[in-house]
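In: With the input below, show me the fold.
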Amino acid sequence: MHRIVAVVLALAALVAGPARGAEAGEAQRWARRAEAVTITRDDWGIAHVRGATDADAVFGAIYAQAEDDFARIEANYLFALGRQAEAEGEKAIWADLRMKLFVDPADLKARYAASPDWLKALMDAWADGLNHFLATHPQVKPRVITRFEPWMALSFTEGSIGGDIERVSVSELEAFYGGRTVALTEDETGARFREPTGSNGIAIAPSNTRDGHALLLINPHTSFFFRSELQMTSGEGLNAYGASTWGQFFIYQGFNDSAGWMHTSSGVDVIDEFAETIVEKDGGLFYRYGQELRPVQVRTVVVPYRTADGAMAERRFTVYRTHHGPIVREADGKWISVALMFKPVEALSQSFLRTKAKDLAGFLEVAALRANSSNNTLFADAKGEIAYLHPQFIPRRDDRFDYTRPVDGADPATDWQGLHELDEAPRAVSPPNGWVVNTNDWPYSAAGPYSPKRADFPRYMDTAGENPRGVHAEMLLRERRDFTLDGLLAAAYDPFLPAFDRLLPTLSAAYRALPADDPQKDRLAAPVALLEGWDRRWALDSAPTSLAVFWGEALWAKAGPAAKRAGISAWDYMAERSTPQDRLAALDAAVARLQQDFGDWRVPWGEINRFQRNDGAIVQTFDDARPSIPVPFTSAQWGSLASFGARRYEGAKRYYGTSGNSFVAVVEFGPRVRARAVSAGGESGDPASPHFNDQAQRYADGDLRPVYFHPDDLKGHVERVYRPGA
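Out: Residues are numbered from 1 along each chain as shown. Okay, the predicted model is just below:
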């Protein structure tokens, strides 16, 4: 019966919308494939997908994702393929050009054709699942991509949208290829207070747990509604649960029945700029390399875009490349090229295969593909093994050179010299202290006193340094031997804000040094007293939290650009180099803003910091007059492990969160894996769905729900069982 319904729906869609390109034979093939797939929706709307083969599971998983939020799937591939301007118009041309410098459809098609059969089968199933969804849901109107092709999966192989390429400045790219001066954005200069992306990961060995089972914290900090929560199971040994970025067919951060993995953004230097010496000769362009002149590679890139009246137009660009990579900007009379990882087949293979690894040895075997450039990994398994692993794609370089700045592309000594072996990178495997952690900080505190030693590695192994979250996490993990699933969860939401523990004494000192007759002495006396009496812990009813956050943001606005120019962290700059006058001026500004927006500078944090989800739009519009939920935790910038990246938006006075804690899980690897999890808002992007916002209060409270990982866990919690298309 399911098969008949699916075929009828698919054929009806062909009649209603032939532009989707599905012929009757394809629709029948998709319906036959759907017969091998079962989707079980639990009472939170989460899809538990079971297929006969891994490819069947991929087909079902991507179909279920499309049911929940096709718009976000398409948005991610418009970005990854450099096709945003086809939907959004001229404003997206430069971001599209950036992607097209690296991603060429003809190249991806050739790589797909040469892929191993098992991976090609997964890519075929991925495209089939999305096309089957579109054929059976004619009411869903794609903005641009009406048909997905298998090779497209190779454009987006890593779970964080944008990845390495996103570090290339769009403003500087526009200045170079647009032939005009373009001011850097506040994000690019460091002036805007920006919620740190990345994540927290903690793995705890059995020796440090009450019940003798390894534990894992999965705590990505991303934009909200960025990933789907789901389970993928097959008859070929796949059984993975966790967060899958919209449009991808693997669990990016999660666990299987015996092992779990959590990725955090790494500070390893794997993107380098080369200053090229360009020479015009005989009507051509060359670049100097050692004693020779090499021809600059020149090609034309076409960027289609939608005009204001809805018609299509295009911009054509002549773009340049050396053996280092594409030219992306100009500086000091030199053309700047960028080198970064581009191994789409290996990266997609590694992303999927690691979800089937049963232990650390199996995980490391997959890591030997060396196609992960930007993610640290925290790992735990049922054998009790835990590990911190550095990214595996790390170019070998001459450490004499400072690769945080453009190096001389004419000097062959600056070139990449192959890749480091896995055991040449920092790592910590089952250290004696019984825990490993990473908060997007350096690897040299990953295991307390048993961490890798900075002096043993090249400088380019880390550019992140320390951060307040790392200090906070180590404080919680040190000397503790009784962790449970609930205990790890409590640590993940510990309210201490260590950045203010460091910064506020400098404010007090600046205030104490004021002359008695200075107007600020009286004006700031009460605000300083409030902050000095604060325990440095966030809470819904805490007015000091509000004042401290507003003060910190005001101080950051001035310190951020200076810190970036000095090449140090903003925290270090604010603590060590901000002037007393800057600290006091920032407090004046914070008091004034609170007074203006809320009528008093003593405002409980919960009155300001809110979660609101009004519609399914990718870019939310916030409204103080509409319902919202108070959130106690702050930005990760101040050392809160639980992160809520919020700010004031146009037309609103309250802060509304758009990033930070998104999918959060704690996992215990006993004889039977056990887990709890929560996602921001809910699983569905449809405001009419009961699962659009059903997790919002749990999210704000840090009240993670039980995960239904095992079939018997689902009993009594099943909302619907069906096949794709039925």
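In: The nearest residue to Asp572 once chain neighbours are set aside is in what secondary structure piece?
Out: Distances taken as CB to CB, 6 or more residues apart in numbering place Ala563 nearest to Asp572, at 7.3 Å, with adjacent residues excluded. All C-beta atoms are positioned from the backbone trio N, CA, C, and that covers glycine. Taking DSSP states H and E as the definition, Ala563 sits inside helix 543-566.
In: What residues sit buried inside that helix?
Out: Across helix 543-566, burial judged by 16 or more other CB atoms under 10 Å covers 543-564.
In: What's the mean pLDDT across whichever helix or strand comes after it?
Out: Remark: after helix 543-566, the chain's next helix or strand is helix 570-576, criterion DSSP H and E. For helix 570-576, the mean pLDDT works out to 94.
In: Give the rounded mean pLDDT of the next helix or strand after helix 570-576.
Out: The element immediately downstream of helix 570-576 (helix or strand, assigned by DSSP H and E) is helix 580-598. Here helix 580-598 scores 98 as its mean pLDDT.
In: Tell me the buried residues in helix 580-598?
Out: 582-587, 589-591, 593-594, 597-598.
In: relative to helix 580-598, how tilted is the helix holding Ala563?
Out: 130 degrees (axes from the mean of the first three to the mean of the last three CA atoms, to 10 degrees).
In: roughly how far is helix 543-566 from the heart of the chain?
Out: Helix 543-566 sits 23 Å away from the centroid of its parent chain (CA atoms, centre = their mean, to the nearest Å).
In: and it, what does it pack onto?
Out: helix 186-189, helix 498-512, helix 525-532, helix 570-576, helix 580-598, helix 605-608 (3 or more CB pairs under 8 Å, 6 or more residues apart in numbering; DSSP states H and E).
In: And stretch 473-480, how far out from the chain middle?
Out: Using CA atoms, centre = their mean, the offset of stretch 473-480 from its chain centre is 26 Å.
In: can you list contacts of that stretch?
Out: By CB atoms under 8 Å, 6 or more residues apart in numbering, the residues outside stretch 473-480 that reach it are 200, 202, 204, 208, 435, 437, 439, 445, 448, 491, 494, 496, 498, 641.
In: make it 6 Å
Out: Stretch 473-480 is contacted from outside by Trp435, Val437, Thr439, Ala491, Asp494, using CB atoms under 6 Å, 6 or more residues apart in numbering.
In: Kindly provide the whole-number mean pLDDT of that stretch.
Out: 96.
In: which parts of it are buried?
Out: Applying 16+ other CB under 10 Å to stretch 473-480 flags Ala473, Glu474, Leu476, Leu477 as buried.
In: can you redo those as CSV with secondary structure?
Out: As requested, the buried residues of stretch 473-480 are exported to CSV (DSSP: H, G, I helix; E, B strand; the rest coil):
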residue, secondary structure
Ala473, helix
Glu474, helix
Leu476, helix
Leu477, helix
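In: Columns distance to Phe363 on top of those residues, output as TSV?
Out: Output for the buried residues of stretch 473-480, formatted as TSV (distance: CB to CB, whole Å):
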residue	distance to Phe363
Ala473	22
Glu474	24
Leu476	26
Leu477	22
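In: Closest to Val319 out of the residues you listed?
Out: Nearest to Val319, judged by CB to CB, of these is Ala473 at 43.4 Å.
In: Residue ranges in the stretch 1-150 of the chain under the pLDDT threshold?
Out: Applying pLDDT under 70 to the stretch 1-150 of the chain flags residues 1-22.
In: So which residues of it form helices?
Out: 2-16, 24-34, 54-80, 85-88, 93-102, 105-113, 117-136 (DSSP state H, counting those that start in this stretch).
In: how far away is Phe226 from Ser160?
Out: 9 Å (CB to CB, to the nearest Å).
In: Could you grab the helix/strand/coil label for the residue nearest the centre of the chain?
Out: Closest residue to the average C-alpha location of the chain: Ser160 at 4.2 Å, with CA atoms, centre = their mean. The three-state label given to Ser160 by three-state DSSP is coil.
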